[in-house]
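In: predicted structure and sequence below. I'll ask about it afterward.
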Amino acid sequence: MAYAQALCASISYASASFNKVLPQGFPQSKGLSYFVMNSRANQAKQAHICAEIQRERDPMAKDHAGIKVPHVLTVAGSDSGAGAGIQADLKACAARGVYCSTVITSVTAQNTVGVQGVNIVPEEFVAKQLKSVLSDMQVDVVKTGMLPSSGIVKVLHQSLKDFPVRGLVVDPVMVSTSGDVLAAPSVLQVFREQLLPMADIVTPNLKEASALLGSPKLETVGDMHAAAKALHDMGPRNVLVKGGDLPDSLDAIDIFYDGKNIFELRSSRIKTRNTHGTGCSLASCIAAELAKGSSMLQAVKVKYACNDVVLKQFTLAAKHYIEASLDYSRDLVIGNGRQGPFDHFLRLKRNMHSTYRENAFDPSDLFLYAVTDSRMNKKWGHSISDAVKAAVEGGATIVQLREKDIETRDFVEAAKSCLEICRSHGVPFLINDRVDVALACDADGVHVGQSDMPVRVARDLLGPEKIIGVSCKTPVHAEQAWVDGADYIGCGGVFPTNTKENNITVGLDGLKTVCMASKLPVVAIGGIGILNARSVMEINESQLKGVAVVSALFDRECVLTETKKLHSVLMEVTYMK
Ligand SMILES: Cc1ncc(COP(=O)(O)OP(=O)(O)O)c(N)n1
Ligand SMILES: Cc1nc(C(=O)O)sc1CCOP(=O)(O)O
Ligand SMILES: [Mg+2]
């Protein structure tokens with residue numbers, strides 16, 4: 001068993017590679033070469049061997065079969081106002097789709113005005129919490145926040161030696177944004193000696209960077225470059241110096257240094273008071289991305305040694321997410337102080353309206369999505385409103401007016417009459433591309449593509465109640481759609497189509513990949529009709545709610561009959577399996 005324990009530890013060390021913590025007495029070089037030779041096989045064995053060790057620790061432990069989810073453990077303080085600390089970490093991880101366990105180091109009485117009190121949890125009890133989580137759960141990445149005493153830092157250091165994890169993200173929380181001191185001065189030394197050398201990334205703001213370095217205030221981008229390099233010399237694999245407080249800067253500039261290359265990560269500053277907890281959330285988000293992508297990171301790190309290009313990408317993803325959340329939350333009012341919290345889920349504003357979604361969007365509305373086409377209607381001599389009437393009477397559950405070559409005023413008129421028809425059938429009515437037309441006729445929402453108006457802009461214009469759909473061909477598109485506040489995504493072209501020129505076909509596999517990645521309901525589109533609708537729905541993805549169809553309904557003499565036929569195929573495949 002001693003061998004198994006050493007092997008498990010060596011794999012945890014070397015395969016994860018970004019954890020520099022080995023169990024006491026285990027030679028580092030052995031761990032790494034063992035991994036390079038045996039990485040794939042060992043990764044597969046790792047869970048099993050660790051489970052064995054687990055059983056040795058706890059005879060009642062069980063090796064449960066099932067899906068292992070990415071897991072971040074945050075070791076931080078509680079913020080009663082829930083803008084920062086443990087509460088922000090939980091929200092950020094949940095928003096990024098990662099499980100988050102918590103070890104609480106202190107309880108603060110805090111709000112948007114400041115910190116009114118701090119109650120530090122005894123070291124032994126921090127150690128107990130760490131053991132509870134680390135001995136039982138498969139934690140991928142540990143993220144640290146407020147570590148208020150040197151004793152607590154030492155306890156954490158020892159726990160990470162006893163229970164190695166794959167990654168360590170250190171957010172060296174020292175002073176709150178309201179200016180309150182959150183860590184004793186003696187903490188700095190232990191931080192430098194014990195925690196920084198273990199860290200995969202350390203994410204200080206300007207004040208924290210100068211405190212760690214014992215240097216004067218950082219005031220320029222040049223100071224930040226120098227600080228990033230000096231901090232890197234203290235041992236972390238990567239350094240992110242956050243320049244949010246940099247005076248006289250129009251941009252928000254962060255400096256990322258991986259030991260070889262230095263990057264200026266610039267973005268425009270978002271004007272908002274709601275920035276409380278951005279540091280905690282950013283670090284948690286980096287930890288979450290690491291936890292999700294740790295296997296990729298392993299591969300890259302072995303190949304490129306110390307060049308942490310992937311970690312830089314994770315950091316960028318995290319920055320992007322925080323910026324999107326700040327932007328969405330910029331006019332939220334929570335608390336009376338100078339600094340409010342932000343909305344990690346981009347959902348709060350929607351609930352402020354008592355009339356919120358009077359006709360609330362129900363994902364099952366995507367079941368049979370009729371998308372009109374003016375050329376087809378002309379070809380068959382159908383007026384737009386007659387075609388829409390036939391579609392809803394035949395069973396369409398949502399309608400989109402997609403008129404590519406129509407005068408704007410005709411578009412608005414047609415939209416108004418179609419809206420009336422749809423309302424009388426309780427069917428949501430959306431406009432393709434044109435947010436202005438949707439506003440003019442008070443449609444239920446819009447559908448936009450990747451090169452149309454961005455979802456976030458459309459959301460700002462349309463408000464929280466309207467439905468916004470966005471076309472997505474990749475998991476990255478799907479993730480962005482969710483971050484931006486869309487309600488559903490349209491994924492295609494599932495099959496080749498003549499309706500949309502130069503459309504890229506993603507196939508059933510592409511559809512499946514997007515459905516698996518999407519947090520939003522999905523409707524499939526492109527070349528779908530009665531002959532192949534079954535094969536689409538049979539990919540059996542829970543996020544796939546239906547099919548969107550143009551020619552199979554509208555490039556036909558009788559729209560009513562064709563809609564009925566497609567409706568019954570969908571009913572059969574969905575409810576009569
Ligand atoms: C439901 C649905 N999904 C996808 C699209 C395509 O939108 P877009 O990519 O903007 O292309 P156009 O429709 O504008 O040509 C859609 N309209 N509806
Ligand atoms: C409008 C549209 N968008 C697509 C996408 O892939 O996003 S495919 C498409 C046309 C769908 O028409 P039909 O049902 O006639 O194939
Ligand atoms: Mg479009």
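Out: Yes, it's here. Numbering: from 1, shown residues only. Ligands and ions are numbered 1, 2, ... in the order given.
In: residues from the stretch 301-450 of the chain in reach of ligand 3?
Out: When proximity is defined as Cβ under 5 Å from the ion, the stretch 301-450 of the chain approaches ligand 3 at Asp433, Gly449. (Glycine included, C-beta is placed from N, CA and C.)
In: any chance you could map the helices in the stretch 301-450 of the chain?
Out: In the stretch 301-450 of the chain, the helices defined using DSSP state H, counting those that start in this stretch lie at 309-329, 348-351, 374-380, 384-394, 408-424, 435-441.
In: need those in JSON lines with mean pLDDT, distance to Leu511 and mean neighbour count, can you?
Out: Formatted as JSON lines, those follow (pLDDT from 0 to 100; distance: least, Cβ to Cβ, whole Å; neighbours: other Cβ atoms under 10 Å):
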{"stretch": "helix 309-329", "mean pLDDT": "83", "distance to Leu511": "24", "mean neighbour count": "21"}
{"stretch": "helix 348-351", "mean pLDDT": "67", "distance to Leu511": "28", "mean neighbour count": "15"}
{"stretch": "helix 374-380", "mean pLDDT": "93", "distance to Leu511": "24", "mean neighbour count": "16"}
{"stretch": "helix 384-394", "mean pLDDT": "96", "distance to Leu511": "23", "mean neighbour count": "22"}
{"stretch": "helix 408-424", "mean pLDDT": "94", "distance to Leu511": "27", "mean neighbour count": "17"}
{"stretch": "helix 435-441", "mean pLDDT": "96", "distance to Leu511": "27", "mean neighbour count": "20"}
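In: which stretch among those helices comes nearest Val175?
Out: Smallest distance to Val175 across the helices of the stretch 301-450 of the chain (Cβ to Cβ): 19.6 Å, for helix 309-329.
In: surely Val69 touches Tyr99?
Out: Yes - the pair Val69 and Tyr99 qualifies as a contact (Cβ atoms under 8 Å) at a distance of 5.0 Å.
In: that older thread, closest one to ligand 2 among the helices of the stretch 301-450 of the chain?
Out: Nearest of these to ligand 2, taken as Cβ to the nearest ligand atom: helix 374-380 at 8.4 Å.
In: distance from the chain centre to that closest one, please.
Out: On the basis of Cα atoms, centre = their mean, to the nearest Å, helix 374-380 sits 42 Å off its chain's mean C-alpha point.
In: one step back: turn the helices of the stretch 301-450 of the chain into TSV, columns for distance to ligand 2.
Out: Compiled in TSV, the helices of the stretch 301-450 of the chain are given as follows (distance: least, Cβ to the nearest ligand atom, whole Å):
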stretch	distance to ligand 2
helix 309-329	23
helix 348-351	26
helix 374-380	8
helix 384-394	13
helix 408-424	16
helix 435-441	17
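In: let me have those in CSV, adding distance to Tyr257 as columns.
Out: As requested, the helices of the stretch 301-450 of the chain are arranged in CSV below (distance: least, Cβ to Cβ, whole Å):
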stretch, distance to Tyr257
helix 309-329, 10
helix 348-351, 35
helix 374-380, 55
helix 384-394, 58
helix 408-424, 52
helix 435-441, 42
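In: quick one: strands adjacent to the lengthiest strand in the chain?
Out: If you go by DSSP state E, the chain has its longest strand at strand 99-110. When pairing is defined by DSSP bridges, strand 99-110 lines up against strand 71-79 (parallel), strand 115-120 (antiparallel).
In: would you mark the buried spots in the last one?
Out: When burial is assessed from 16 or more other Cβ atoms under 10 Å, strand 115-120 yields the following buried residues: Val115, Val118, Ile120.
In: so the second one touches Leu182, yeah?
Out: Right, the one you point to is Val118. Yes - contact criterion Cβ under 8 Å: Val118 and Leu182 qualify, at 7.1 Å.
In: overlap in contacts, the two.
Out: Gly77, Ser106, Thr108, Pro148 (Cβ atoms under 8 Å, 6 or more residues apart in numbering).
In: OK, contacts around the most centrally placed residue in the chain?
Out: Nearest to the mean C-alpha position of the chain, counting by Cα atoms, centre = their mean, stands Arg96 at 3.3 Å. For Arg96, the contacting residues are Ser284, Cys285, Ala288, Glu289, Lys292, Tyr321, by Cβ under 8 Å, 6+ apart.
In: now do the SS call for the third one.
Out: Three-state secondary structure (criterion: DSSP: H, G, I helix; E, B strand; the rest coil) places Ala288 in helix.
In: from ligand 3, how far out is it?
Out: As judged by Cβ to the ion, to the nearest Å, Ala288 and ligand 3 stand 32 Å apart.
In: ok, that residue - contacts?
Out: Contacts for Ala288 (Cβ under 8 Å, 6+ apart) come out as Pro70, Val72, Ala92, Cys93, Arg96, Gly97, Val98, Cys100, Val141, Ala318.
In: repeat that for the fourth one.
Out: Contact analysis of Glu289 by Cβ under 8 Å, 6+ apart lists Arg96, Phe314, Thr315, Ala317, Ala318.
In: in the stretch 151-300 of the chain, where is pLDDT below threshold?
Out: For the stretch 151-300 of the chain, residues meeting the criterion pLDDT under 70 lie at 176-179, 294-300.
In: which residue ranges form the helices in it?
Out: Using DSSP H, counting those that start in this stretch, helices in the stretch 151-300 of the chain cover 187-190, 206-213, 221-232, 278-292, 294-304.
In: count of neighbours near the residue nearest to Ser267 when sequence neighbours are not counted?
Out: Excluding the flanking residues, the one nearest Ser267 by Cβ to Cβ, 6 or more residues apart in numbering is Ala252, at 5.2 Å. Ala252 has 21 neighbouring residues, counting by other Cβ atoms under 10 Å.
In: tell me the most packed of the contacts of Ala288, by neighbour count.
Out: Comparing those by number of neighbours (other Cβ under 10 Å), Val72 comes first, having 32 neighbours.
In: if I pick that residue, what's in contact with it?
Out: 89, 93, 98-101, 139-143, 284, 287-288, 291.
In: how much space separates the residue lying closest to Trp380 once chain neighbours are set aside from ligand 1?
Out: Of all residues beyond its chain neighbours, the one nearest Trp380 is Glu557 (5.9 Å), with distances taken as Cβ to Cβ, 6+ apart. For Glu557, the distance to ligand 1 equals 23 Å [Cβ to the nearest ligand atom, to the nearest Å].
In: pretty sure Ser542 is in a strand, no?
Out: No - counting by three-state DSSP, Ser542 is not part of a strand but coil.
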